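Participant: Sequence isn't available, so here's the structure alone:
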């Protein structure tokens, strides 16, 4: 990403409240609102390896963390830029389907999927209450 700081104030940085997801969207929107330019290089290529640098024994914990943060960040981003009502409207369907999927996986005793959807519910709940992005993967050092 290229930013021309001469065109905007120098106080635009990544929002430290966002741990994962939508941090680029947030930064770009704030730059545009200040009259800055976003440059896109259409022929550029980026190879993203996902969580390949993470030890496979932490795969499930990382996936649970990703689900918590996706919903939290989506709500936070929408609330920050468009208001609480828009955030609720955008995120409530995910919350509702996650509740039903949690109950389904609870009934069929699929612990991993149950945890995934419970963490989506909790991500929404924490963002709705205005709590910071506090969840971190449980990885021993």
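Facilitator: Great, that's in hand. A quick note: this is a predicted structure, and the numbers were derived from the prediction, not measured.

Participant: which SS class is residue 67?
Facilitator: Under DSSP: H, G, I helix; E, B strand; the rest coil, residue 67 falls in the helix class.

Participant: What residues does it make contact with?
Facilitator: Taking CB atoms under 8 Å, 6 or more residues apart in numbering as the definition of contact, the neighbours of residue 67 are 116-117, 119-120, 123. (Each C-beta comes from the backbone N, C-alpha and C, glycine too.)

Participant: Using TSV, lay out the residues you listed together with secondary structure and pLDDT.
Facilitator: Below are the contacts of residue 67 laid out as TSV (DSSP: H, G, I helix; E, B strand; the rest coil; pLDDT from 0 to 100):
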residue	secondary structure	pLDDT
116	helix	97
117	helix	98
119	helix	97
120	helix	97
123	helix	97
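
Participant: if we take those residues, which one ends up nearest to residue 101?
Facilitator: The shortest separation between residue 101 and any of those is 4.3 Å, and it belongs to residue 117 (by CB to CB).

Participant: Wait, residue 94 touches residue 124, no?
Facilitator: Yes: taking contacts as CB atoms under 8 Å, residue 94 lies within contact range of residue 124: 6.8 Å.

Participant: Now the common contact residues for the two.
Facilitator: Taking CB under 8 Å, 6+ apart as the contact criterion, the residues that touch both residue 94 and residue 124 are residue 71.

Participant: and residue 72, how far is that from residue 84?
Facilitator: With the distance defined as CB to CB, to the nearest Å, residue 72 ends up 14 Å from residue 84.

Participant: So these two - more neighbours on which side?
Facilitator: For residue 72 and residue 84, the more surrounded residue by other CB atoms under 10 Å is residue 72, and the numbers stand at 31 against 13.

Participant: Let me see the backbone angles for the more buried one.
Facilitator: Note on residue 72: its backbone torsions stand at phi -60, psi -50 [degrees, to the nearest 10].

Participant: Then residue 38?
Facilitator: The phi/psi pair for residue 38 (degrees, to the nearest 10) is phi -110, psi 130.

Participant: and it, bridged to which residues?
Facilitator: Residue 38 has the following beta-bridge partners by DSSP bridges: residue 3.

Participant: That one touches residue 31, doesn't it?
Facilitator: Yes: with contact defined as CB under 8 Å, residue 38 and residue 31 form a contacting pair (6.2 Å).
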